[in-house]
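Chemist: Structure for this input, please:
(chains A and B)
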Amino acid sequence: MTRAARRRAINGVFVALCSIATFIALSALVMILWTLLSKGLGGIDGMIFTHDQPAPGSPGGLRNAIVGSLIMCALGMAIALVIGILAGTWLAEYGAGTKFGHVVRFFNDVLISAPSILIGLFVYELLVAPFHGFSGYAGGVALAFLATPIVVRTTEDILSLQPGALREAGMALGASRAFVIRKIIWKSARTGLLTAGLLGFARISGETAPLLFTSLGNQFYNAKLSQPMASLPTTIFQFALSAYDDWQRLAWVGALLIAVAVLFINIVGRVLARETHRS
Amino acid sequence: MDTELASPRGAPPGHALGEIIFRYACLGAATFLLAALAGVVVSLFIGGLPAFRTFGFGFLTSTTWNPVSEVYGAAGPIVGTLITSFLSLLVALPLALGVAVFLVEFCPSRLSRPIAIAVELLAGIPSIVYGMWGLFVLAPWFAAHVQMPIAMNFAPDSLVGKIFSGTPNGANIFTASLILAIMILPYMAAVFRELFLTVPPQVREAAYGLGCTPFEVIKAVVIPYVRRGMIGVIMLGLGRALGETMAVTFIIGNSHGFPHGLFDSGSTIASTVANEFAEATSDMHTSALIALGFLLFVITFIVLAVARLLLREAKV
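Modeler: Next up is the predicted model:
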């Protein structure tokens, strides 16, 4: 074999290996989605959204879990958006280049990947143990701690993309810096800020670990944040590991609902992000 | 860039108060992030202190985890965490590199974007879904097609029988590592891809111009260019695997103590906390679980901090 032929052969093997790796990754996605659809789709009926979780053996739905998830995610996102956008704004507008800015950015990046179960433990120590009770508040706050770093990161990225001329123009007209940020920069970046919220929301809507010992779960319908609250992920966890066929079926339905919701939010966020980059 | 122009000194007096309030609200929110991180460390440390005091260094080395006799040693979950993380990295790393290289170098440009998006979406699927898939699809298949044949063909006291010993139900260290690998693969592939895209096209084209094959370009130009960043990505993947909770809890079998073989059931720090915390029987049990959480925090924090430091210059 000539040297050139050998080099070509090695390259051919390399290309084949990379293609196989991609094929394996994609088939994992297809297999998981296929399992979700085949096991979850059949279980979706009118009762899923209108009835609460049943006792084993009787019919029922997931209303209490869906409502609980929505409420706690809403609380989590409300906190995360306020703190996240303000902190992201500080990083992009005031703290860019300062030492403190570097420190905050660094630890925020660490927080993004921190194990979510530890956030659960922290919020347990913070809000559950002192008040002697699991609650929807604790669940929502735990979710807020998970979503905030993502909102911060995305907000900072988006605001840094806004043209400096926009700031200078505002300032040249005599507006204060805070005014320029709030009325010009935020406004011009509003799609991006929406993306920040969506990405944070996608991250927390499927989180299970931090809710296990903050909101705990609740087999009944409950919209009061001061009480233990059901959520889709914790209900799925409980039902999937149970010995009852109908509970396992509901768990698959729940898993399908969550996966579809997360995929949908991610795709919307991505489309919006692409539009921002284009304009 | 425009710090000079944007200095608040130039603001008209009427706006001064609002300016200050807004500025400090932003600063406060940024500081809050640091406070949150500090709060996690401090609260986990304080919560775990009784267990650290009672068991001392033995907490790290003892394999006895017994809520009934109130003796807690964390060696089992710690070793389980390390083994599953490294095994999953071993599986996911070559695959993730392959996917990233394929997307950047070989893929027809029309397919590249959809595949990259699919890979990123795979990274966004909640871990509980992976866990259910592992428990209901992977584990039964693995038990029937891998564990049973091995158990039938090798004596339990042979070398193979020992390495692969364990209840043939598919819920073990190895399948947990596989699920972890599937979970961190798309994440690592996505960051690897971003990293490879930071290599300037001129560098790559120069190598092609010298007559390099794509393999040689990757080996001799692209990988050396992003070497530090690649270690960062590996650490990021490791950080994910170390702290991943739900998927592992579903499939690792949740037994305490030291795993005896690759196909033996075990536990990780995260899975132990997830399983036992809400039903902890005593204050010491709770404290031991929080102490486990503190250990996990220290390990992942170091790993993630190193990862971020290595990735910072690549701006990924």
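Chemist: how about low-confidence regions in the stretch 151-279 of chain A?
Modeler: Filtered on pLDDT under 70, the stretch 151-279 of chain A yields the residue ranges A:276-279.
Chemist: who are the neighbours in contact with the residue of it at minimum distance from chain B?
Modeler: Relative to chain B, the nearest point of the stretch 151-279 of chain A is A:G206 (2.4 Å; CB to the nearest CB). (Glycine included, C-beta is placed from N, CA and C.) Listed by CB atoms under 8 Å, 6 or more residues apart in numbering or on different chains, the contact partners of A:G206 are A:P233, A:I258, A:A259, A:V262, B:I125, B:P126, B:S127, B:I128, B:V129.
Chemist: pLDDT of whatever helix or strand B:G98 lives in, averaged?
Modeler: With elements delineated by DSSP states H and E, B:G98 resides in helix B:75-101, which encompasses its position. Across helix B:75-101, the average pLDDT comes to 95.
Chemist: is chain A contacted by it?
Modeler: Yes - contact of helix B:75-101 with chain A (CB under 8 Å from any CB of the partner chain) involves B:P94, B:L95, B:A96, B:L97, B:G98, B:V99, B:V101.
Chemist: Give me the phi and psi angles of the residue of the stretch 151-279 of chain A closest to chain B.
Modeler: A:G206 has phi and psi values of phi -110, psi 0 when expressed as degrees, to the nearest 10.
Chemist: Find the residue at the geometric middle of the chain.
Modeler: Picked chain A for this. In chain A, the C-alpha nearest the mean C-alpha coordinate belongs to A:R203, at 1.2 Å (CA atoms, centre = their mean).
Chemist: Can you look at chain B instead?
Modeler: Within chain B, the residue whose C-alpha comes closest to the C-alpha centroid is B:R240; the distance, by CA atoms, centre = their mean, is 1.4 Å.
Chemist: Assign A:Q219 to helix, strand or coil.
Modeler: coil (DSSP: H, G, I helix; E, B strand; the rest coil).
Chemist: What is the neighbour count of B:I223?
Modeler: Residue neighbour count, defined by other CB atoms under 10 Å in any protein chain shown, stands at 15 for B:I223.
Chemist: give me the element it is part of.
Modeler: According to DSSP H and E, B:I223 maps onto helix B:223-225.
Chemist: pLDDT (mean, whole number) over the very next helix or strand once past that helix?
Modeler: Read in the C-terminal direction, the helix or strand following helix B:223-225 is helix B:227-243, with elements assigned using DSSP H and E. Averaged across helix B:227-243, the pLDDT comes to 94.
Chemist: tilt between helix B:227-243 and helix B:75-101?
Modeler: Here helix B:227-243 runs at 140 degrees with respect to helix B:75-101, directions being taken by axes from the mean of the first three to the mean of the last three CA atoms, to 10 degrees.
Chemist: Identify the residue spatially nearest to the residue in the stretch 51-200 of chain A that chain B sits nearest to, adjacent ones excluded.
Modeler: Closest residue of the stretch 51-200 of chain A to chain B, CB to the nearest CB: A:P115 (2.5 Å). Beyond its immediate neighbours in the sequence, the residue positioned closest to A:P115 (CB to CB, 6 or more residues apart in numbering or on different chains) is B:G243, lying 2.5 Å away.
Chemist: swap in A:S135?
Modeler: According to CB to CB, 6+ apart, the nearest residue to A:S135 is A:S226 (5.4 Å).
Chemist: Pretty sure that neighbour sits against A:G136.
Modeler: Yes - counting by CB atoms under 8 Å, a contact exists between A:S226 and A:G136, whose distance comes to 7.1 Å.
Chemist: higher neighbour count, the two?
Modeler: When neighbours are counted by other CB under 10 Å, A:G136 comes out ahead of the other of A:S226 and A:G136, with 26 against 12.
Chemist: Please verify my assumption that that one contacts A:A230.
Modeler: No - with contacts counted by CB under 8 Å, A:G136 stays clear of A:A230, the gap being 9.3 Å.
Chemist: List the residues that contact B:I125.
Modeler: Contacts for B:I125 were tallied using CB under 8 Å, 6+ apart; they are A:I32, A:G206, A:A259, A:V262, A:L263.
Chemist: Appreciated, that's everything.
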